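>>> okay, predicted coordinates and the sequence, questions at the end:
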Amino acid sequence: MTTSDETTRPLAGKVAVVTGSSRGIGRGTAIALGELGATVYVTGRSTGDGELTIDTSARLVTEAGGAGIPVATDHGDDEQIAALFTRVAADHGRLDVLVNNVYKIPDPPAWGGGFWDHPVSIWDDQVGIGLRAHYVASWHAAPLLFAAGPGGAIVNVSSPGGQSYHFSASYGAGKAGLDRLGADMAIELEPKGIACCTVYPGSVATEFIRAWADERGSNLDDAQTPLGVGRAIGALVTAPDLMARSGSIQWIEDLGVEFDVRDERGLLPPPYKARVPQS
């Protein structure tokens, strides 16, 4: 018999790590997993009582019904990533969900122009943090996922930029690499009963995008929200056919329709207008 708690809080008693969750999609995902009852390790470099910090995100996770645990982590430092999972192992000895979300926007952002117009360092920002750090986190997470047994998941937050041009050549390389990484990790994880899925949000009204839009007087009514994206990820990792989806790219808008996922406005995740139909 399914209890009410299992229906409304299917991640109660489960442990999750959401990387890069001081803001944006990471924060929205951490809160959404908290709504489902999870203990969520919130990582990032920003700490303290400010608005965009891991401590504030962790508090919001707890207020949503989960247990938020902030762990200061620079995902450009392998030793700090290792320390994060050592902490999880010491606290729980297991892990049920890893959401690889951390990403570093170059300063200034690498939008427009040619690859020769941007400093070489943007590669380390967009591919080092947006791809390599996910591999390192997954490597450390794997033994803990195995300790929890079949049914766990790795979710990689990617972008339609893995399939068509967005922003810059280095951005596309990082996202296409992440898509390939997820597909191949799924093959290697399948015998362990652990799923690995890639998700494609559309245009998302993160704090960075909202600030950019405000400067230009742009309207973000058609954008997805970080919490809406996070709730779609929550629906994915609790789906009864999760393993059948392993290795696939899951569009946030499709998950919203399938599972009737609503954001804080009561809306389904709006579709991505630039989506390229797949044959």
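Right, received. Where do you want to start? Fair warning: this is a prediction, and the values are worked out from it, not measured in the lab. Numbering: from 1, shown residues only.
>>> residue 197 and residue 234, how far apart?
Remark: distance between residue 197 and residue 234 (CB to CB, to the nearest Å) = 13 Å. To be clear about C-beta, it is placed using only N, CA and C from the backbone, and glycine gets the same treatment.
>>> was I right about residue 230 contacting residue 28?
Yes - in this structure, residue 230 is within contact of residue 28 by CB atoms under 8 Å, at 3.7 Å.
>>> in the biggest helix by length in the chain, what counts as buried?
Longest helix of the chain, by residue count under DSSP state H: helix 169-189. For helix 169-189, the neighbour count (16 or more other CB atoms under 10 Å) marks 169-179, 181-183, 185-186, 189 as buried.
>>> now that helix: how far from the chain's centre is it?
14 Å (CA atoms, centre = their mean, to the nearest Å).
>>> how about stretch 37-56?
Relative to its chain's centre, stretch 37-56 lies at 14 Å (CA atoms, centre = their mean).
>>> may I see the buried residues of that stretch?
For stretch 37-56, the neighbour count (16+ other CB under 10 Å) marks 37-46, 53-56 as buried.
>>> quick one: residue 262 from residue 104, how far?
Distance from residue 262 to residue 104, by CB to CB: 30 Å.
>>> residues in contact with the residue lying closest to residue 193 once chain neighbours are set aside?
The shortest distance from residue 193 to any non-neighbouring residue, by CB to CB, 6 or more residues apart in numbering, is to residue 150 (2.6 Å). Contacts of residue 150 were listed using CB atoms under 8 Å, 6 or more residues apart in numbering, and they are 192-194.
>>> how about those in CSV, adding secondary structure?
Listed next are those as CSV, based on DSSP: H, G, I helix; E, B strand; the rest coil:
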residue, secondary structure
192, helix
193, coil
194, coil
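>>> only whichever of these are buried, select them in ChimeraX.
Buried members of the contacts of residue 150, defined by 16+ other CB under 10 Å, are picked up in ChimeraX with:
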select :194
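>>> now the contacts of residue 150 as a markdown table including pLDDT and distance to residue 129?
Listed next are the contacts of residue 150 as a markdown table, based on pLDDT from 0 to 100; distance: CB to CB, whole Å:
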| residue | pLDDT | distance to residue 129 |
| --- | --- | --- |
| 192 | 98 | 27 |
| 193 | 98 | 29 |
| 194 | 98 | 24 |
